[in-house]
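Engineer: Predicted coordinates and the sequence they were generated for:
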Amino acid sequence: MMDSSVKIINEWDIVAARQLGRNVAKELGFGTVDQARITTAISELARNIYLYAGQGEITIEKVENGAKKGMTIVSRDEGPGIPDLRKVMEDGFSTSGGLGAGLPGVKRLMDEFSIESTPGEGTLIQSVKWLR
Amino acid sequence: MRKKIFQYVQSHNDDILNEWIELMRVEADERAVQAMSDHMFVKTSSEFIQLVMSNFSDSEEKFQERAVDFSEKIVRLGWPLAMITDGLRVFSKIVEKGMKESGEITLEDYIEFTTEINSWIFPMYKTITEAYTTSWERTVSLQKIALQELSAPLIPVFEKISVMPLVGTIDTERAKQIMENLLEGVVSHRAEVVLIDITGVPVVDTMVAHHIIQAAEAVRLVGAKCTIVGIRPEIAQTIVNLGINLEDVTTTSTMKKGVEQALAATSRQIVEVQE
């Protein structure tokens, strides 16, 4: 099982994380549409780290569950955390003047999605895309 | 003592070089060794050792000059800085070992030897690292300028119609430039329709979409129309998944369709000429 991660410190690290995700997705045999979904999801998660937490890490892993194969994207930071999880999962909610489609968008782009956040400690987002 | 070291280094020139290459192959970063052919590795290594030795015989300025030349060269070749710092450490280790074995230094003058070789190696560290980082910084800043030049050109293609092709990643800096060039260009070219081509943008996430929507809105405010062209099928699907509302922005799949629509909007069309 191979995994690798990219530290997100400046804006260009978002591109590095995306590139890594695209390569892994290609290797696993995802089609162009799913590749675009995966890279976009990584882009959203990495940008959230950059914008809200300052720094953090995106980890990409290949996963197998019986006959199913896929990849997980884990986003981890030790930023300020999210006080109201239900609110950030609503479309159109944004604290930065953006579109507010980021996290709910990632949930729709991926097959599985879970988020844990403790104010003052950080945020952990895990998401999986299965190969069909 | 300095003279002693100098004499040793000069008379064992080849031995030191060979041993250095041997040791560096084992110790160095694999990337650096793999990055170049064997021949290149040996050649660059011997240049490095010559540079180190020239520090003995040449004047300070001349050494500085050679260090800068050499640094520029290895930046181009892609040698990591660690290769240089490791290289100096290995070099002094070889000299120390060699002089110990031949009995040229003994336990008594060992301290004197270390002081002497350190006072020689450390300034060299400084000079080479400085030269190396300076050439890197220059490369990076040149590339930054080059990138900015390709950033966001607005091209008038027909009267009243301008095109802005976007290629590559859009970051905050670039988004700002897109907006500026767009508004400035629309006014100075008297454009009525602007086509923004995103065929070459690899990922359209919410931030990129947000910037595009803002740009389109700003163009509308200065009295022109903005159309996004070159939306690839997979990008269309991710935009839908993200739930981004692009209803207020006109979009087409290809530049060709965009140009046709823009001509229609300015009451013109392209016709075939009858022979």
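Structural biologist: That came through fine.
Engineer: contacts and neighbour counts: CA atoms only from here.
Structural biologist: Noted.
Engineer: dump the residue contacts of the residue of chain A found nearest chain B.
Structural biologist: Distances from chain A to chain B, computed as C-alpha to the nearest C-alpha, single out residue A:105 as the nearest residue at 4.0 Å. Listed by C-alpha atoms under 8 Å, 6 or more residues apart in numbering or on different chains, the contact partners of residue A:105 are A:41, B:241-243.
Engineer: residues touching the residue lying closest to residue B:223 once chain neighbours are set aside, list them.
Structural biologist: Sequence neighbours aside, residue B:192 is the residue nearest to residue B:223 in space, at 7.2 Å (criterion: C-alpha to C-alpha, 6 or more residues apart in numbering or on different chains). Shown in contact with residue B:192 (C-alpha under 8 Å, 6+ apart): B:160-161, B:186, B:223-225, B:266.
Engineer: which of these are buried?
Structural biologist: Of all these considered here, the ones buried according to neighbour count by 16 or more other C-alpha atoms under 10 Å in any protein chain shown are B:160-161, B:186, B:224-225.
Engineer: Which of the contacts of residue A:105 ranks first by neighbour count?
Structural biologist: The most crowded member of these is residue A:41, carrying 29 neighbours; neighbours defined as other C-alpha atoms under 10 Å in any protein chain shown.
Engineer: pLDDT score for that residue?
Structural biologist: Predicted confidence (pLDDT) at residue A:41: the value is 95.
Engineer: Flag the shaky bits of the stretch 151-275 of chain B, pLDDT-wise.
Structural biologist: In the predicted model, the stretch 151-275 of chain B carries no residue with pLDDT under 70.
Engineer: nearest spatial neighbour of the residue in it that chain A sits nearest to, skipping sequence neighbours?
Structural biologist: Residue of the stretch 151-275 of chain B nearest chain A, by C-alpha to the nearest C-alpha: residue B:242 (4.0 Å). The shortest distance from residue B:242 to any residue other than its chain neighbours is 4.0 Å, reached at residue A:105 (C-alpha to C-alpha, 6+ apart).
Engineer: Please apply the same query to residue A:90.
Structural biologist: With C-alpha to C-alpha, 6+ apart as the measure, residue A:104 is the residue that lies nearest to residue A:90, at 6.5 Å, once sequence neighbours are left out.
Engineer: Wasn't that neighbour part of a helix?
Structural biologist: Yes. Secondary structure of residue A:104 (DSSP: H, G, I helix; E, B strand; the rest coil): part of a helix.
Engineer: thought it was touching residue A:92?
Structural biologist: No. With contact taken as C-alpha atoms under 8 Å, residue A:104 and residue A:92 are classed as non-touching, separated by 9.2 Å.
Engineer: Kindly provide the distance from the nearest residue in space to residue A:9 that is not next to it in sequence to residue A:72.
Structural biologist: On the basis of C-alpha to C-alpha, 6+ apart, the spatially nearest residue to residue A:9 that is not a chain neighbour turns out to be residue A:55, at 4.9 Å. Residue A:55 sits 20 Å away from residue A:72 when distances are taken as C-alpha to C-alpha, to the nearest Å.
Engineer: How about the residues of chain A by chain B?
Structural biologist: With the criterion set to C-alpha under 8 Å from any C-alpha of the partner chain, chain A comes near chain B through A:11, A:15, A:32-34, A:36-37, A:39-41, A:43-44, A:91, A:98-102, A:104-106, A:108-109.
Engineer: neighbours of residue 21, just the number please.
Structural biologist: Defaulting to chain A. Residue crowding around residue A:21 was assessed by other C-alpha under 10 Å; the count is 30.
Engineer: Sorry, I should have been clearer: chain B.
Structural biologist: The burial count assigned to residue B:21 is 20, neighbours taken as other C-alpha under 10 Å.
Engineer: Please apply the same query to residue B:175.
Structural biologist: Taking other C-alpha under 10 Å as the neighbour definition, residue B:175 ends up with a count of 20.
Engineer: State whether it is indeed within a helix.
Structural biologist: Yes. Counting by three-state DSSP, residue B:175 falls inside a helix.
Engineer: So the spatially closest residue to it that is not a sequence neighbour versus residue B:251, what's the distance?
Structural biologist: Setting aside the residues directly before and after it, residue B:175 is nearest to residue B:211 in space (C-alpha to C-alpha, 6+ apart), at 6.4 Å. Summarising the geometry, the distance separating residue B:211 from residue B:251, computed by C-alpha to C-alpha, is 15 Å.
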